[in-house]
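Colleague: Sequence and predicted structure below; questions after.
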Amino acid sequence: MLLSERHRYGATLALIAVVILVLGYLLRPAPARLAKRADDLTVTRAEIENLQQLVRRNNLRNLSSNFVAMAEDALAHVALVQPWATNAVLTPDLGLIVPKRLDALPRQLSTSSGTLQQPITPSAWIPGLPFLIGRTQLDAEVTRASIATRPPAQGGWVLVVARNAFGQMLLSPGIFDGIIPAACGPFIQNRLLTTIPLNQTHVGGGLFDLAGDLHGIVVPCDDAPAIIPIAEIRRAIGNASTDAALVLARYGIQFAGKAGSPNTTIVSELWDDWPADQAGVQPGDELISVDGQPIAIPQDAVATLLRNANAEHDFRLRREGRNVTSHVDAMSLQTAANVRPAVYTEPSEGIAITRVPRGSSADTAEIAPGDRILSINGKPANQALIEESCGQFRVAAPVNVVVSRPGRRVFKVVQP
């Protein structure tokens, strides 16, 4: 009996001890080391975020400082040109590249540096190029730019550096997006593409990379300012320096052979208000002779005009079955300022082309959206005549078309 009571008492004590241990385990406080560890992790994340923000701010400050430092160096290559109040960039081999409209004429230009002005002498001026090459005396504030040997890295930083009307620096940074095929007049075929929104204040400025090398020049095109690569400028000068381009520069006229007539030369292009246009020559005229010399192929016309040193020429032409004569005077840099720029051409003349299907007869004839059709087979263009004669994807017979483009009129033959 006594032994049984002792067993019950011991069991009860054991049970109480177990309950106490369980409750003590469940109600124990969290270890101090673990709590401190969680606090340490929270502080570390906050410090990392602060460091990241600090790095970003420092990188932006450093990049901005690099932009300004590079632009200040590049500004030494940019001159302000008067009276156009535009910029020009001095290059080591080409000279001073001065932007102009496709139809602009040279004036009495000079560089402006504070109170000092240096006259600019045009050494290469050709209608159809959106710039001219000039020579001027160098001063301490204008130096020759270093030309880049390759395009900027895709996605890399580039800067357009120019001067405002007061000679102060204009700095416009952006990202280089590549080279795109886009014409700017008859000789320029490619442009540099960036994220920089260009406007008239950029015209004449240079596109530089962060190493300070020059990649292109901002020039005015038909639609808006564009950046033309230096390599493209060199190529265009070469193409525009041919005999045919020299004739274009002197007389504002170009010739082509007539399809189906191997010994016939026609007027394929006229620049508005240039000498040939003022003399009454029209696109599509057949050229019979120049100064009494018979003309068979376009090279004959070019050679005759360049061989004869006289500034006056008599053109004998055939127009719609009758012969006409035009007296054409050559234009020089000295007399060019007296000619009215073609920017005054009436924009409402003709019928505007908004779309040309690829592969169509009109597309093959290089008629493009933005052209204005002036005449078809010698008749003034209207909507009905256009639809009847060349509105089909493939025309049934050759169609003679004269189109208007900025500053010039062009003769095209739309073939079946």
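Modeller: Received the coordinates, thanks.

Colleague: so where's the protein uncertain?
Modeller: 1-64, 102-107, 113-116, 138-140, 222-223, 309-310, 332-348 (pLDDT under 70).

Colleague: Can you give me the buried ones in the lengthiest strand in it?
Modeller: Using DSSP state E, we find that the single longest strand of the chain is strand 169-184. Applying a neighbour-count criterion of 16 or more other CB atoms under 10 Å, one finds Leu170, Leu171, Ser172, Pro173, Gly174, Phe176, Ile179, Cys184 buried in strand 169-184. For glycine as for every other residue, the C-beta is placed from the backbone atoms N, C-alpha and C.

Colleague: any idea how far that strand is from the chain center?
Modeller: 8 Å (CA atoms, centre = their mean, to the nearest Å).

Colleague: What lies in contact with the next helix or strand after it?
Modeller: Using DSSP states H and E, the helix or strand that follows strand 169-184 in sequence is strand 188-194. For strand 188-194, the surrounding residues in contact (CB atoms under 8 Å, 6 or more residues apart in numbering) are 129-130, 151, 158, 160, 174-184, 207, 215-216, 221, 226-229, 232, 236.

Colleague: State the phi and psi torsions of Ser404.
Modeller: When read as degrees, to the nearest 10, the backbone of Ser404 gives phi -100, psi 130.

Colleague: and what of Glu72?
Modeller: With angles defined as degrees, to the nearest 10, Glu72 sits at phi -60, psi -40.

Colleague: Please name the nearest non-neighbouring residue to it.
Modeller: Nearest residue to Glu72, sequence neighbours excluded (CB to CB, 6 or more residues apart in numbering): Met169, at 7.1 Å.

Colleague: now do Ala362
Modeller: Using CB to CB, 6+ apart, the closest residue to Ala362 is Val356 (5.1 Å).

Colleague: try Ser360
Modeller: In space, Ser360 is closest to Phe393, 4.8 Å off (CB to CB, 6+ apart).

Colleague: Near that neighbour, how many other residues are there?
Modeller: Other residues near Phe393 number 10, with proximity taken as other CB atoms under 10 Å.

Colleague: same question, the one 5 residues further on
Modeller: Neighbours of Pro398 under the rule other CB under 10 Å: 16.

Colleague: Gly205 versus that one, what's the distance?
Modeller: For Pro398, the distance to Gly205 equals 46 Å [CB to CB, to the nearest Å].

Colleague: buried set for stretch 142-160?
Modeller: Result for stretch 142-160 [16+ other CB under 10 Å]: buried residues Val142, Arg144, Ala145, Ser146, Ala148, Pro151, Pro152, Trp157, Val158, Leu159, Val160.

Colleague: from the residues you listed, which is closest to Ala381?
Modeller: Set against Ala381, the nearest of the buried residues of stretch 142-160 by CB to CB is Val160 (40.7 Å).

Colleague: Distance check, that closest one against Ala224.
Modeller: Distance, Val160 to Ala224, using CB to CB: 14 Å.

Colleague: next one: Thr121
Modeller: Thr121 is 30 Å from Ala224, where distance means CB to CB.

Colleague: Kindly report the same for Asn164.
Modeller: 19 Å.

Colleague: sorry, back to before: can I assume the residue nearest to Glu72 is in contact with Arg163?
Modeller: Yes. Between Met169 and Arg163 there is a contact under CB atoms under 8 Å: 6.6 Å.

Colleague: between those two, what contacts are shared?
Modeller: In contact with both Met169 and Arg163: Leu75, using CB under 8 Å, 6+ apart.

Colleague: now the helices: where do they sit in the protein?
Modeller: 2-26, 32-74, 230-240, 243-251, 275-278, 298-307, 361-364, 383-390 (DSSP state H).
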